[in-house]
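In: Take a look and give me a structure for this.
(chains A and B)
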2 protein chains.
Amino acid sequence: MPERMLLQIDMKINQRILLARTPQGLPLVEDFSSDEVAVVSPADGQFLSRTIFLSLDPYYRNVMKNSPVYPERLAPGDVMIGETVAEVIESCHAQYQVGDFVLVRNGWQQYALSDGSGVHKLNPIELDSINAPLSTALGVLGMPGLTGYAGTLALAEPAVGETFVVSAATGPVGSTAGQVARMAGARVVGIAGSDEKCAYAVRELNFAACINYKNNDKPGELARALKRVCPDGINAYFDNVGGTTLTAVLGNLALHARIVLCGMIEAYSMDTPPPGPFLGPLVGARATIKGLVVYDHSARMPEMRQVIGTWIRHGQFHYREDITDGLLAAPAAFCRLMRGGNFGKALVRVADA
Amino acid sequence: MPERMLLQIDMKINQRILLARTPQGLPLVEDFSSDEVAVVSPADGQFLSRTIFLSLDPYYRNVMKNSPVYPERLAPGDVMIGETVAEVIESCHAQYQVGDFVLVRNGWQQYALSDGSGVHKLNPIELDSINAPLSTALGVLGMPGLTGYAGTLALAEPAVGETFVVSAATGPVGSTAGQVARMAGARVVGIAGSDEKCAYAVRELNFAACINYKNNDKPGELARALKRVCPDGINAYFDNVGGTTLTAVLGNLALHARIVLCGMIEAYSMDTPPPGPFLGPLVGARATIKGLVVYDHSARMPEMRQVIGTWIRHGQFHYREDITDGLLAAPAAFCRLMRGGNFGKALVRVADA
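Out: Residues are numbered from 1 along each chain as shown, chains lettered A, B, ... in the order given. As a prediction, the model looks like this:
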């Protein structure tokens, strides 16, 4: 078949994952489809990169329903959006050379063009020096890390001796928030969804305790479990989940408690927002709830990378990645993430570095 | 009937209103009873006072269900608790003389003993100088006034040109909060429960607008009404009611909005707290919710009295009282208050000054 041979020589194929339909509730693999198109060469002012790691983040589900909170829009047939680490392989852009590694929103595909806007160059040598692979630019040394770092220092403000609670405690945001609070002198209590995650939070992340919410799912159980491990009340809570976990925390507030709202993973899969917690306990506790958007803290990215990088180098800070191989496995990995099945930062290895 | 004659000569009768039973939901007059007992003379270190004004406050309903937020406890048969203005008529207490007017928690009765703890002397001459009757010590120049004043300045922090929204806008707390925000340069929008109250808020309190929530009670209507009168979003919200009003405000937040939780009148009559609003909008708006307890701001009482007193004297600040005559009418007046039927600070005139 000489025609097919010719195509393989002339054209590089770009495998893509598309949104097939808007999910109802939790996403299903059937909500995605895939196709293959020819890779297009960059025009002037553009570069072409090949995706190495695709980040899977819960907020993608919110973009899939076109939440007005995000600038991106998604309709059936569109390539799924997403942050990636990629390598520049062709460049007509003065600032990017072939061989550069970049943080770029290639989405769920093997290759993409970029005009450089919103792109950040990565320094693999610098990452190597702290034993941090390229993938960490999407996790602990990227936006999730900054979310946990800046949200904790700027909004939760844990003080020495205080009790700091974090949900989704072994995820990239939660584990960073908890470890930053621990380094700031707080006693950290995690909430996570399996005994294995809780054991990791205590043994590896050095949290004082970690509660498996799935073992405490009857009404009032999580609140009572928190009371047992936080007998003096909760001074700060970094909330990655909302829902009944937030309600349980509100039942255990210390005076002047700070609650940072970061994520509401449960609500992302709902078309109609669920009701929230009764806010009465906030009054008695003189507590504060604050909304966190990581982009407000972008200026602290270099500081975060230096501080956490140093902790990683000294073995004082740990992180975990949950890597799925192959772009075609991304939909299933994303569905697993949205059900809390990941253990660590969810990534898809689209190609080898 | 010489025996009865004798009693009338020897004994002063104290009429009291008792809690007859713990209310289910909104209070009913049948939840109260009354009796008459002999007035007891003060022992050493005590004084006896006669109640002139009884303050009716929504939080009494919370005490009636023995909410742990309050130090006071109430069981069926107990005299109803409450703040009063009273006149000292017998004294064995070094610091209180017959003829002194005091702010004291006599509760719902004509006479009570006090050992002076928690009591504040009033200065009728000072109040006269700003045309403020004794009753204002229970309203605009008392705890409700301080709640609106300190809650607005310390927590809501309205800035010049900002949009400030307040619910229960013509009540003692709301009307103070709104007028303080207006004096601080904010554009004030009230939310109240009748056209008459709204007209008062605009004409007398100089609010920019006031929305009658009862005319906007279908899903989404109040949020849309707020959007019309707050086209640039709501910068600060002083929340006296919670519930669907808070949800409507959350749909219209400006960036970095501050929400002060002061009261949740709806929830006071519920045994099981109702769900709260979906908190998602807080994140996008980077908004803050803060719980307010007026006792934290007691040190600002003299400042508040001076500032608001001056405004009253200059005709820049208005207040309204809703006075019911006679102690026996207190239960009905309280039930009316809990249904939003009052127009201004709810008081019972138990005796003439």
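In: For the rest of this, base every contact and every neighbour count on C-alpha atoms.
Out: Fine.
In: Looks to me like residue A:274 is in a helix.
Out: No: in this structure, residue A:274 is coil, not part of a helix, as judged by DSSP: H, G, I helix; E, B strand; the rest coil.
In: Count the neighbours of it for me.
Out: Using other CA atoms under 10 Å in any protein chain shown, residue A:274 is surrounded by 16 other residues.
In: contacting residues for it?
Out: A:267, B:278 (CA atoms under 8 Å, 6 or more residues apart in numbering or on different chains).
In: State the pLDDT value of it.
Out: Per-residue pLDDT puts residue A:274 at 88.
In: how distant is stretch A:16-24 from the center of its chain?
Out: Distance of stretch A:16-24 from the chain centroid (CA atoms, centre = their mean, to the nearest Å) equals 20 Å.
In: swap in stretch A:200-215?
Out: Worked out by CA atoms, centre = their mean, stretch A:200-215 lies 19 Å from the chain centre.
In: repeat for stretch A:275-285
Out: 27 Å.
In: Just the CA atoms of it, as PDB, please.
Out: Provided in PDB are the C-alpha atoms of stretch A:275-285 (Å, rounded to 0.1, in the frame of the first residue of the first chain):
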ATOM      1  CA  PRO A 275     -27.000  23.600  49.000                       C
ATOM      2  CA  GLY A 276     -24.100  24.500  51.300                       C
ATOM      3  CA  PRO A 277     -23.600  24.100  55.000                       C
ATOM      4  CA  PHE A 278     -25.600  26.000  57.700                       C
ATOM      5  CA  LEU A 279     -23.400  29.000  58.400                       C
ATOM      6  CA  GLY A 280     -24.500  29.500  62.000                       C
ATOM      7  CA  PRO A 281     -21.400  28.100  63.600                       C
ATOM      8  CA  LEU A 282     -19.300  30.800  61.900                       C
ATOM      9  CA  VAL A 283     -21.000  33.400  64.000                       C
ATOM     10  CA  GLY A 284     -20.300  31.900  67.400                       C
ATOM     11  CA  ALA A 285     -16.700  31.100  66.300                       C
END
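In: Near chain B, which residues of chain A are found?
Out: When proximity is defined as CA under 8 Å from any CA of the partner chain, chain A approaches chain B at A:69, A:261-262, A:264, A:273-280, A:282-293.
In: one more time with 10 Å, if that's ok
Out: Within chain A, the positions adjacent to chain B are A:68-70, A:242-243, A:247, A:256-264, A:267-268, A:272-293, A:296 by CA under 10 Å from any CA of the partner chain.
In: who are the neighbours in contact with the closest residue in space to residue A:142 that isn't next to it in sequence?
Out: Nearest residue to residue A:142, sequence neighbours excluded (CA to CA, 6 or more residues apart in numbering or on different chains): residue A:136, at 6.6 Å. Residue A:136 sits next to A:53, A:55, A:85, A:127, A:142-145, A:172, A:319-321, A:345, A:347 when contact means CA atoms under 10 Å, 6 or more residues apart in numbering or on different chains.
In: Kindly reformat the residues you listed as JSON lines containing secondary structure and pLDDT.
Out: Shown next, in JSON lines, are those (DSSP: H, G, I helix; E, B strand; the rest coil; pLDDT from 0 to 100):
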{"residue": "A:53", "secondary structure": "strand", "pLDDT": "98"}
{"residue": "A:55", "secondary structure": "strand", "pLDDT": "98"}
{"residue": "A:85", "secondary structure": "strand", "pLDDT": "97"}
{"residue": "A:127", "secondary structure": "helix", "pLDDT": "80"}
{"residue": "A:142", "secondary structure": "coil", "pLDDT": "95"}
{"residue": "A:143", "secondary structure": "helix", "pLDDT": "94"}
{"residue": "A:144", "secondary structure": "helix", "pLDDT": "95"}
{"residue": "A:145", "secondary structure": "helix", "pLDDT": "97"}
{"residue": "A:172", "secondary structure": "helix", "pLDDT": "96"}
{"residue": "A:319", "secondary structure": "coil", "pLDDT": "96"}
{"residue": "A:320", "secondary structure": "coil", "pLDDT": "97"}
{"residue": "A:321", "secondary structure": "strand", "pLDDT": "97"}
{"residue": "A:345", "secondary structure": "strand", "pLDDT": "97"}
{"residue": "A:347", "secondary structure": "strand", "pLDDT": "98"}
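In: ok, the closest residue to chain B within the stretch 51-200 of chain A - contacts?
Out: Residue of the stretch 51-200 of chain A nearest chain B, by CA to the nearest CA: residue A:69 (6.2 Å). With contacts taken as CA under 10 Å, 6+ apart, residue A:69 has the following neighbours: A:62-63, B:280-281, B:283-285.
In: Got the phi and psi for the residue in the stretch 101-250 of chain A that chain B sits nearest to?
Out: Closest contact between the stretch 101-250 of chain A and chain B, by CA to the nearest CA, is at residue A:242 (8.4 Å). Here is the backbone geometry of residue A:242 (degrees, to the nearest 10): phi 70, psi -150.
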